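Novice: how would this look folded up:
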Amino acid sequence: MDALIEVDDLHRHFAMGDQTVRALDGVSVSVAAGEFVAMMGPSGSGKSTLLYLVGGLDRPTSGAIRINGQELSALSDEALAEVRSREVGFVFQSFHLVPTMTALQNVVFPMVFARVPAAQREPRARELLHLVGLGDRVDHRPTELSGGQQQRVAIARALANDPPILLADEPTGNLDSRTGEEIMALLVRLNREAGRTILIVSHDPSVGDDVTRTLHLRDGHLVGEAA
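Specialist: Numbers count the residues shown, from 1 in each chain. Next up is the predicted model:
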């Protein structure tokens, strides 16, 4: 399989007073289209930093990131935003839904920025909410939904522009174990049935049971890998 994501000698350093924090320190990894890869490690290991760099939410200190063969560091901020909109969907631990919007409106929202024709937005949003099991909750606002339902809305929103890559940062972290298992089952289905390439950051070792491959990070380094 061809590499959809290529990370080559990636470094991300932050200045903290007179100290330099090496959040990532020479990480290289390749992810093929259709893989489901977990990134695991203790807090501060660099896994979320790596996820945000791959998604174009941050820029590296040095090193290269290629998505579909396109080098992200060579792009302007505007072009990078286009790549984020087209190539990547994000799912966060805290859902990040707009509280004043209904589930339907939250899923429609990214399509506006991607310039999806207006007539296509609502039908697609309804289809995605049905896909994640919330076809009967389209008019509910986040405060009227459980944590698991809010995360399902967030997943539907991440899929709004049909990106080939889904990035999930601790997507089960704010959920009880049973609801977390349901969200993982949904992500597995999106990977296996729809061929979506997924990178997930997690502290939960059981996540390793559901993925193609697990990357272990510690102190900014890739220290191990398991299939």
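
Novice: list the helices and strands the lengthiest helix in the chain packs on?
Specialist: As assigned by DSSP state H, the longest helix anywhere in the chain is helix 177-194. Contacts defined by 3 or more C-beta pairs under 8 Å, 6 or more residues apart in numbering; DSSP states H and E place helix 177-194 against strand 36-40, helix 147-158, strand 165-169, strand 197-202. To be clear about C-beta, it is placed using only N, CA and C from the backbone, and glycine gets the same treatment.

Novice: let's see it at 6 Å
Specialist: Using 3 or more C-beta pairs under 6 Å, 6 or more residues apart in numbering; DSSP states H and E, no helix or strand is in contact with helix 177-194.

Novice: contacting residues around stretch 158-165?
Specialist: Contacts to stretch 158-165, defined as C-beta atoms under 6 Å, 6 or more residues apart in numbering, come from residues 85, 87-91, 107, 110-111, 114, 128, 166, 197.

Novice: let's see 8 Å
Specialist: By C-beta atoms under 8 Å, 6 or more residues apart in numbering, the residues outside stretch 158-165 that reach it are 4-5, 33, 54-55, 67-68, 85-91, 107-111, 114, 116, 124-125, 128, 131, 166, 190, 196-199.

Novice: pull out the buried positions in it.
Specialist: In terms of neighbour count (16 or more other C-beta atoms under 10 Å), stretch 158-165 has its buried residues at A158, L159, A160, N161, P163, P164, I165.

Novice: pLDDT wise, what is the spatially most central residue of the chain at?
Specialist: In the chain, the residue lying closest to the centroid (C-alpha atoms, centre = their mean) is L167, at 1.5 Å. Confidence at L167, expressed as pLDDT, is 97.

Novice: then V91?
Specialist: Here the pLDDT value assigned to V91 is 95.

Novice: do the one 5 residues further on as well
Specialist: H96 carries a pLDDT score of 93 in this model.

Novice: what about it, distance to N174?
Specialist: Per C-beta to C-beta, to the nearest Å, H96 is found 11 Å from N174.

Novice: can you list contacts of stretch 81-94?
Specialist: Stretch 81-94 has contacts (C-beta under 8 Å, 6+ apart) with 54-57, 67-68, 70, 72, 75, 110, 113-114, 151, 154-155, 157-161, 163-171, 173-174.

Novice: now the residue lying closest to H13 once chain neighbours are set aside. Its backbone dihedrals?
Specialist: Spatially, and ignoring its direct neighbours in sequence, H13 is nearest to T61 (4.6 Å; C-beta to C-beta, 6 or more residues apart in numbering). Per-residue torsions, T61: phi -70, psi -40 (degrees, to the nearest 10).

Novice: pLDDT score assigned to T61?
Specialist: In this model, T61 is scored at 95, pLDDT.

Novice: which residues sit in contact with it?
Specialist: Neighbour list for T61: H11, R12, H13 [criterion: C-beta under 8 Å, 6+ apart].
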